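# Show me the folded form of this:
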Amino acid sequence: SDLWTFESTNSTVETIWSNYYAAIGRVNFFIDGVGKIDENPEIELTETQRQQINVYEGEAYFTRAYCYFYLATLFCRDYDVATAASTPGLPLQVKYEPKLSATQYPGRSSLEDTYKQILEDLEEAEERIETAKNGIVDYDRYINGAYVTVNTAPKNCGNYITVDVVTALKARVALQMDDYENAAKYAGDLVNSNRYPLSNTATDFESVWKNDKGTETIWQIAMTSADDAGVPLGTIFIGYPTTKKDYIPTQTLIDLYNEKDIRLKTYFGKYHLTVSSGNAADIYFFNKYPGNEYYNALGSETRYLNQPKPFRIAEMYLIATEANAKIGTAAAVKKGNDALNALKKARIEGWTDATYDQEALLNEIMNERERELVGEGYRLMLFYLGRKELVEQFVIALEHFLIDFRREFLVESPIFQGFQYFIIATPHRQGSMIAKTANVVASFCFYSFQEGWIGRIGSAGKHKVLPYQYSVFICQVIETVVFVGSA
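Numbers count the residues shown, from 1 in each chain. I've put the predicted structure just below:
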């Protein structure tokens, strides 16, 4: 099994917490500022200006919800409605109130209150963006040569937080909370809208990842200049210089793909690897982030940089499948089968619809999540939800860690006393490549802040991967352990 060790002195753990709370602080500053505008009679705004501010404020509420949700999945226990009221959650800071001392910030709320805040922020976001859409018929914003309405993303450029983006996060949160009825509804609404059709050719699907184009992306983070360019994920997985590949997928992962699956060719490349000892082998390497050629112009060399994609319609097909399987009625299981077959038909040439019973559907959806979402940062969430086969050991000492240091975590540079260790041992069948990509928010800004701030995050730990695909070759090679950055 794979093993990671997380220490309290590891800057990547510290950075994730501080960056997300820094983003929350900026959101609070903006929301509080909007309130001051409303309270000041000397500030006169046109109706159009008010509607525009409504949109920006809605984006701010969404950002806060995203940040708290991501932090909850990393630093809190899994949500259980029976115990959420007594389970520690996150410190909830919803006003911009800088303190002189870390001890003056709030302590941990309950997990119930944490998720209540997330849901309330999403409702506020949806209401404001929806209101603006209805209030300004021709309200469009322009970026990268494509118009974007506040209702839905355009077919080739989903760079803004829209009502659909809010719905996508609501679906993800509902699934995490075991609220399967709402998870199925939200995901199903997006799937059935037909606004984000699945790619129907290998070329179109490859363009989603290589050129940041296509119809499948609900939201991807805009990067239009060198100043707001994010972390190049391609260099993390491909290696830099590119003569060295840092990640070799296991045979377990490769075997999940049908030879006619367009994801196999798009996500993985073939490479003849030679290491310093002289050993060599033909290998697969992870190539999901090959770099958009547009961004090469921002520097003097290939940058292996792509726009991060926090929400894709494929995930909604997967959520709809899993939620309906969990509901378990005959009608719901059929809906789950329909969603899964639709995704497979778009991904596998010549796919013939299969019929799964509830248990088989739950097993297959986990395999399909691996095939579709590999390298996008969802694996830890799946462990929390207790899916797939029994995890032999899954120990996260985060609660003890947070209790020990309580409010100090709200300081941008926490002072840690001693060491705490976080060890996760994954099940044997989960020994494939795992990416801790954190898929963005501390490294993105919503529209109104686009010129003002960009964060950077590292990943939460180090990877030690021993694949068995080329076991003899690997056992002859000693390579430096790679520290993974996040985007």
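# Which stretches in the stretch 201-350 of the chain count as strands?
Under the criterion DSSP state E, counting those that start in this stretch, strands of the stretch 201-350 of the chain are mapped to 217-219, 268-274, 280-286, 311-312.
# now the third one and strand 268-274, what's the angle there?
Using axes from the mean of the first three to the mean of the last three CA atoms, to 10 degrees, the interaxial angle of strand 280-286 with respect to strand 268-274 works out to 150 degrees.
# Give the pairing partners of strand 280-286; include direction for each.
With DSSP bridges as the test, strand 280-286 is paired with strand 268-274 (antiparallel).
# what would the strands of the stretch 201-350 of the chain look like in JSON lines with mean neighbour count, mean pLDDT and distance to residue 94?
C-beta: built from backbone N, CA, C; applies to glycine. Formatted as JSON lines, the strands of the stretch 201-350 of the chain follow (neighbours: other CB atoms under 10 Å; pLDDT from 0 to 100; distance: least, CB to CB, whole Å):
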{"stretch": "strand 217-219", "mean neighbour count": "24", "mean pLDDT": "91", "distance to residue 94": "24"}
{"stretch": "strand 268-274", "mean neighbour count": "14", "mean pLDDT": "86", "distance to residue 94": "43"}
{"stretch": "strand 280-286", "mean neighbour count": "18", "mean pLDDT": "87", "distance to residue 94": "39"}
{"stretch": "strand 311-312", "mean neighbour count": "24", "mean pLDDT": "96", "distance to residue 94": "24"}
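# Make JSON lines out of the ones you listed and add distance to residue 261.
Below are those laid out as JSON lines (distance: least, CB to CB, whole Å):
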{"stretch": "strand 217-219", "distance to residue 261": "20"}
{"stretch": "strand 268-274", "distance to residue 261": "10"}
{"stretch": "strand 280-286", "distance to residue 261": "13"}
{"stretch": "strand 311-312", "distance to residue 261": "17"}
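# Roughly how far does the residue found closest to residue 373 once you drop the neighbours it is linked to in the chain sit from residue 100?
Nearest residue to residue 373, sequence neighbours excluded (CB to CB, 6 or more residues apart in numbering): residue 315, at 6.8 Å. Separation of residue 315 from residue 100 (CB to CB, to the nearest Å): 42 Å.
# quick one, what contacts residue 347?
For residue 347, the contacting residues are 198, 205, 261-263, 371-372, by CB atoms under 8 Å, 6 or more residues apart in numbering.
# For residue 80, find the nearest of the strands of the stretch 201-350 of the chain.
Residue 80 lies closest to strand 311-312 among the strands of the stretch 201-350 of the chain, at 25.7 Å (CB to CB).
# for the closest one, packing partners?
Helices and strands touching strand 311-312, by 3 or more CB pairs under 8 Å, 6 or more residues apart in numbering; DSSP states H and E, are helix 163-176, strand 217-219.
# what's the first one packed up against?
For helix 163-176, the contact count by 3+ CB pairs under 8 Å, 6+ apart identifies helix 47-75, helix 111-135, helix 180-193, strand 217-219, strand 311-312, helix 313-327 as packing neighbours.
# Now the next helix-or-strand element following the longest one: average pLDDT?
If you walk from helix 47-75 toward the C-terminus, the next helix or strand you reach (DSSP states H and E) is strand 88-91. What strand 88-91 shows for mean pLDDT is 96.
# partners of strand 88-91 in the sheet?
strand 108-110 (antiparallel).
# neighbour-wise, which of residue 315 and residue 100 wins?
Under the criterion of other CB atoms under 10 Å, the comparison of residue 315 against residue 100 puts residue 315 first, with 25 against 6.
# Against residue 374, how distant is that one?
Distance from residue 315 to residue 374, by CB to CB: 13 Å.
# again with residue 207
Separation of residue 207 from residue 374 (CB to CB) stands at 19 Å.
# Could you check stretch 320-338 and say which residues are buried?
320-327, 332-333, 335-337 (16 or more other CB atoms under 10 Å).
# between these, which is closest to residue 343?
Using CB to CB, the buried residues of stretch 320-338 come closest to residue 343 at residue 321, 7.8 Å.
# can you map out the helices along the stretch 301-450 of the chain?
Here the stretch 301-450 of the chain has its helices, by DSSP state H, counting those that start in this stretch, at 313-327, 330-347, 358-373, 379-384, 398-405.
# how about these in CSV, adding distance to residue 115 and mean pLDDT?
Formatted as CSV, these follow (distance: least, CB to CB, whole Å; pLDDT from 0 to 100):
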stretch, distance to residue 115, mean pLDDT
helix 313-327, 17, 98
helix 330-347, 24, 98
helix 358-373, 22, 96
helix 379-384, 13, 66
helix 398-405, 16, 33
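# quick one: which of those is nearest residue 159?
With CB to CB as the criterion, residue 159 lies closest to helix 313-327 of the helices of the stretch 301-450 of the chain, at 15.9 Å.
# how about TSV for the buried residues of stretch 320-338, with distance to residue 169 added?
Output for those, formatted as TSV (distance: CB to CB, whole Å):
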residue	distance to residue 169
320	15
321	18
322	16
323	15
324	19
325	21
326	19
327	21
332	22
333	26
335	21
336	21
337	25
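# Among these, which one sits closest to residue 120?
Distances from residue 120 to the buried residues of stretch 320-338, taken by CB to CB, are shortest for residue 323, at 21.9 Å.
# Am I right that the closest one is in contact with residue 177?
No. Between residue 323 and residue 177 there is no contact under CB atoms under 8 Å: 11.1 Å.
# any idea which element residue 44 lies in?
Using DSSP H and E, residue 44 sits within no helix or strand.
# Kindly provide the distance from it to residue 54.
Distance from residue 44 to residue 54, by CB to CB: 16 Å.
# Look at those two and report which has more neighbours.
Legend: neighbour count by other CB under 10 Å for residue 44 and residue 54, higher for residue 54 (21 against 7).
# Do you know the pLDDT at that one?
In this model, residue 54 carries a pLDDT of 87.
# ranking the helices and strands packed on helix 163-176 by burial, who's on top?
The highest mean neighbour count among the helices and strands packed on helix 163-176, using mean count of other CB atoms under 10 Å, belongs to helix 313-327: a mean of 26.
# What helices and strands are in contact with that helix?
Using 3+ CB pairs under 8 Å, 6+ apart, the elements in contact with helix 313-327 are helix 163-176, helix 180-193, strand 217-219, helix 330-347, helix 358-373.
# Serialize the ones you listed to TSV and add fields for distance to residue 82.
TSV is the format used below for those (distance: least, CB to CB, whole Å):
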stretch	distance to residue 82
helix 163-176	15
helix 180-193	16
strand 217-219	32
helix 330-347	23
helix 358-373	21
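# number of nearby residues for residue 86?
For residue 86, using other CB under 10 Å, the count is 9.
# Ok, residue 99 next?
With other CB under 10 Å as criterion, residue 99 counts 12.
# ok, it to residue 25 distance?
Distance of residue 99 to residue 25, computed by CB to CB: 11 Å.
# Same check on residue 57?
16 Å.
# And for residue 205?
Residue 205 is 39 Å from residue 25, by CB to CB.
# Those two: who's more crowded?
The residue with more neighbours, out of residue 205 and residue 25, is residue 205; 22 against 19, by other CB under 10 Å.
# isn't the more buried one right next to residue 213, touching?
No. Counting by CB under 8 Å, residue 205 stays clear of residue 213, with 10.6 Å between them.
# Can you point out the buried residues in stretch 246-256?
Using 16+ other CB under 10 Å as the test for burial, stretch 246-256 gives 246-253, 256.
# Next, format the residues you listed as CSV and append distance to residue 126.
Below are the buried residues of stretch 246-256 laid out as CSV (distance: CB to CB, whole Å):
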residue, distance to residue 126
246, 40
247, 38
248, 43
249, 38
250, 41
251, 44
252, 40
253, 37
256, 36
